[in-house]
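Chemist: pasting a predicted model and its sequence here:
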Amino acid sequence: MAWTSPMTAVTNEIFTASQFNENVRDNLLEAAPAKAANPGGYFVTTGQNSISEREAGEDFVGDYEGTSSTDFTDLATPGPSVTVTTGERALVLFSAYTESIGDSSRVAQASFEVSGETEEGADSAWAVYVQNGQIQAGTSRLVSLTAGENTFTMKYRRVGGSGDVNFSTRRIIVFPL
Amino acid sequence: MTFTANTVLTAAQLNTHLRDNLKECPTSHASEEGSYFASLTTNKIVERRARQELIGTQETTTSDSYTDLDTVGPEVTVNTGRMAIVFVSCALRNNDGGGVVFMSHEVSGASERVPSDSRAVANGVSSGASTAASHVMVWSELTPGENTFTAKYRSALEEEGDFRHRRLIVMPF
């Protein structure tokens, strides 16, 4: 069933069962309460006169781990990682303690990749990073996606210099739209 | 209304209480994929959509007061109610010394708000050291209507501040 623009009743005309079913029953079934299923869910537009319930996802990895990889990679404990059903966009928030100490030319970067319906590698254009220091901070991005089940996974790398860069308190939050 | 047994339900009542109320539901307002819904006023909702702009170009300033870079922005114009969530993100560094460099934003249009260090992502790490991060805040008392959010930049001590991967996201409510 789909949404129908509610009819206008006319005095002295019979209101039929068919009209009731199309204009009242079927429309109420397209309204937010009929679609509400998960506490904390919220509603987004999925098309003209069409809405869906979405649920945000969050994951956290506390472990202090490092890498010397110059390509975005997993740490010893992969992630954090969130899998959600999305439309064509999602707001992604992520943060980490990020550390590169002792080599002034070396940068520690944390970013995220998307897999599933969408395939997009991690990139420094949406990374939190620090050169020759340490920060605990996050960043944000509104991501374009192929609708469906998508997985968002944090990835890490070293840029420049040598040796390990380190990360901990790693968190990712995804608000699917 | 509350229906009463043995009372005729009129066309006018049907139109007011069913047709017109159904037209105020989110589904009736849903038009742009990926949008969400916010309260506009008592018993009235509106569809809202988050907007983002990204400028990847690396540019600099030595201005100690908030200013534009050679490429103005990023900038986002949206219809808002009283509230909006604003994220500013970039990679930033001081090329000359240890002064702090800042990326904030201003609001113009229905509302006027100036940029501020208290609403900025900043880097005070030693000269030439890059940091990439974000700042998020909520405006809760905007003037409803069309509001434009524009990133602004400054570099303390008039040293050269360097900015790239500049992103601005606004979620209007």
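Modeler: Cool, got the structure.

Chemist: tell me who's in contact with residue 140.
Modeler: Let's take chain A. When contacts are counted by CB atoms under 8 Å, 6 or more residues apart in numbering or on different chains, A:Ser140 touches A:91-94, B:87, B:89, B:134, B:136, B:167, B:169. C-beta: built from backbone N, CA, C; applies to glycine.

Chemist: wait, chain B
Modeler: Counted by CB under 8 Å, 6+ apart, B:Ser140 has contacts B:82-83.

Chemist: in strands only, show me the contacts of A:Ser140.
Modeler: A:91-94, B:87, B:89, B:134, B:136, B:167, B:169 (DSSP state E).

Chemist: thinking again about what came up before, possible to save the contacts of A:Ser140 as JSON lines with neighbour count?
Modeler: Shown next, in JSON lines, are the contacts of A:Ser140 (neighbours: other CB atoms under 10 Å in any protein chain shown):
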{"residue": "A:Leu91", "neighbour count": "21"}
{"residue": "A:Val92", "neighbour count": "20"}
{"residue": "A:Leu93", "neighbour count": "19"}
{"residue": "A:Phe94", "neighbour count": "25"}
{"residue": "B:Phe87", "neighbour count": "24"}
{"residue": "B:Ser89", "neighbour count": "27"}
{"residue": "B:Ser134", "neighbour count": "22"}
{"residue": "B:Val136", "neighbour count": "17"}
{"residue": "B:Arg167", "neighbour count": "23"}
{"residue": "B:Ile169", "neighbour count": "24"}
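
Chemist: between these, which sits nearest B:Asn95?
Modeler: B:Asn95 lies nearest to B:Ser89 out of the contacts of A:Ser140, by CB to CB, at 19.8 Å.

Chemist: so what's that closest one closest to, chain neighbours aside?
Modeler: Of all residues not flanking B:Ser89 in the chain, B:Ser134 sits nearest, at 3.8 Å (CB to CB, 6 or more residues apart in numbering or on different chains).

Chemist: what is the neighbour count of B:Asn21?
Modeler: With neighbours defined by other CB atoms under 10 Å in any protein chain shown, the count for B:Asn21 comes to 13.

Chemist: helix, strand, or coil at it?
Modeler: helix (DSSP: H, G, I helix; E, B strand; the rest coil).
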